[in-house]
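Peer 1: Mind folding the following:
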Amino acid sequence: TEMRDNSAGVLIVGANESTSLYLLQHIVRYRRLYPKVKVRVRRSLSSKIPSQLIDGELELGVISFDPQDDRLQAQVIFTDHLAFVVSPEHRLAERGSVSITELGMETFIAHNVLSPYREVVLREFQRHRVPLNMDVEMPTVETIRQLVQRNEGVAFLPKMCVDAEIERGQLREVRLEELTVARKVHLVYPARRALSHAARAFLEVVKGHENLREDEGDAATS
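Peer 2: Next comes the predicted model:
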């Protein structure tokens, strides 16, 4: 109720292109509860978000790794995976799964921002002595997705960024036999600084939704 009384705050959240997608559902629910709070999602490099939180430029951040800094609290709010995606016209589109050893001749469309996940994929390819041909680098997930849809190459993208395209049949996900890369999305905030009412309320909205999701999961399995 305190929130509703002085509810005209501003909430500043830092996210990158793919994690800001995950925020959408929470922002919708938050806006319904606290319509007077101005929500500003700032696009930032994941690698910079921890220091921006510590410096007070952001109140909350959403990143796909644990910053492992005792000045920050981080909680996993979503578990996703890296999807290996191809165009429906691609030679591997009809295959349920493939081996990394079959991918030495493929053109990979990569993101031009390095991520810890790229390292994991690179290491696995090196272990199998398979070249990872990143011949094209693009600045956004959207541009990577479009090139893959046009069959100009293949890519590893966060599953939540390609769900809709897979559902519509514009992309196919093919399982890699030797590689599964889980991607944990963390909500991060300063450990030692009091959060504003607006930020605390957002944490509650996200936590409430997580509990709901787990309950649904239990109901589904029971």
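
Peer 1: C-alpha only now, for contacts and for neighbours.
Peer 2: Will do.

Peer 1: Can you report how many residues neighbour residue 97?
Peer 2: Neighbour count for residue 97, taken as other C-alpha atoms under 10 Å: 14.

Peer 1: if we look at the sheet, which residues does it bridge to?
Peer 2: Following DSSP bridges, residue 97 is listed with bridge partners residue 175.

Peer 1: Would you mind confirming that it is in contact with residue 172?
Peer 2: No: using C-alpha atoms under 8 Å, residue 97 makes no contact with residue 172, being 11.2 Å away.

Peer 1: Any buried residues in the lengthiest strand in the chain, and which?
Peer 2: Counting residues, the longest strand found in the chain (DSSP state E) is strand 72-86. Neighbour-count burial for strand 72-86 flags 72, 73, 74, 76, 77, 81, 82, 83, 84, 85, 86 (criterion: 16 or more other C-alpha atoms under 10 Å).

Peer 1: quick one: contacts for the second one?
Peer 2: Spelled out, it's residue 73. Shown in contact with residue 73 (C-alpha atoms under 8 Å, 6 or more residues apart in numbering): 188, 189, 190, 191.

Peer 1: Can you say which two of these are spatially most distant?
Peer 2: 188 and 191 (9.0 Å; C-alpha to C-alpha).

Peer 1: hey, what's in contact with both of the two?
Peer 2: Common neighbours of residue 188 and residue 191 (C-alpha under 8 Å, 6+ apart) are 72, 73.

Peer 1: Which parts of the protein are strands?
Peer 2: 10-15, 38-43, 60-63, 72-86, 97-98, 107-111, 133-138, 155-158, 172-173, 175-176, 182-190.

Peer 1: Need the ones you listed in a markdown table (columns: distance to residue 125 and mean pLDDT).
Peer 2: Below are the strands of the chain laid out as a markdown table (distance: least, C-alpha to C-alpha, whole Å; pLDDT from 0 to 100):
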| stretch | distance to residue 125 | mean pLDDT |
| --- | --- | --- |
| strand 10-15 | 29 | 95 |
| strand 38-43 | 31 | 95 |
| strand 60-63 | 25 | 96 |
| strand 72-86 | 13 | 93 |
| strand 97-98 | 13 | 97 |
| strand 107-111 | 12 | 96 |
| strand 133-138 | 10 | 95 |
| strand 155-158 | 13 | 96 |
| strand 172-173 | 18 | 98 |
| strand 175-176 | 11 | 96 |
| strand 182-190 | 17 | 94 |
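
Peer 1: residue ranges with poor pLDDT in the protein?
Peer 2: Low-confidence segments of the chain (pLDDT under 70): 1-8, 210-222.

Peer 1: Domain map for the chain?
Peer 2: Following automatic domain parsing, one finds the domains of the chain at 2-78+184-221, 80-182.

Peer 1: That's all I had, so thanks and see you.
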